[in-house]
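> test case, fold it:
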Amino acid sequence: MYVHRRNGGPNPVNGTRRATASRIAQAAALVNAYEEESSQELDPITRHHVTINHARQPNGTKFAMPTDNATRQAQALDRMRAEVPVDEPPVKKIKIRLSTSCVEVDVVTSKNFNSS
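Predicted coordinates:
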């Protein structure tokens, strides 16, 4: 069965838009206003997701905090990011002897790393 697409953009049925730089800037201003009104500061990953999400909404859509799975996943990533210790560098330098010379190599460290 062939269904002819109507002209009128990427999704003419619900009016979703591309997230262009100007639309992202407008959405960011709305997200900032939401943060001020609600006295709630969004973490970086969530803020980015919510801004792009709103930039794709049809013209005139009022900002509302999304409650979809993608937003919850962004919030979970922000929580995990907050748990990473900032006082310990994630990379350490070690020296490795190759033939007759020593070379410094960066090694990613982890608390879950078991050495034997």
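
> now do the helices in the protein.
Secondary structure of the chain (DSSP state H): helices located at 21-38, 44-55, 69-83.

> where are the low-confidence patches of the protein?
1-16, 86-89, 110-116 (pLDDT under 70).

> spatially central residue for it, please.
With distances taken as CA atoms, centre = their mean, I45 lies nearest the centre of the chain, 3.6 Å away.

> give me the beta-bridge partners of the spatially closest residue to K95 that is not a sequence neighbour?
Of all residues not flanking K95 in the chain, C102 sits nearest, at 4.9 Å (CB to CB, 6 or more residues apart in numbering). For every residue, glycine as well, the C-beta is placed using N, CA and C. For C102, the beta-bridge partners are R97 (DSSP bridges).

> ok, how many other residues are close to C102?
For C102, the neighbour count with other CB atoms under 10 Å is 9.

> mind putting the helices of the chain into TSV with distance to L98?
Compiled in TSV, the helices of the chain are given as follows (distance: least, CB to CB, whole Å):
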stretch	distance to L98
helix 21-38	47
helix 44-55	40
helix 69-83	36
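
> of the ones you listed, which is nearest P90?
Judged by CB to CB, the one of these that comes nearest to P90 is helix 69-83, at 12.2 Å.

> next one: the closest one to chain centre, how far?
Centroid displacement of helix 69-83 relative to its chain, using CA atoms, centre = their mean, to the nearest Å, is 9 Å.

> next, the angle from that helix to helix 44-55.
160 degrees (axes from the mean of the first three to the mean of the last three CA atoms, to 10 degrees).
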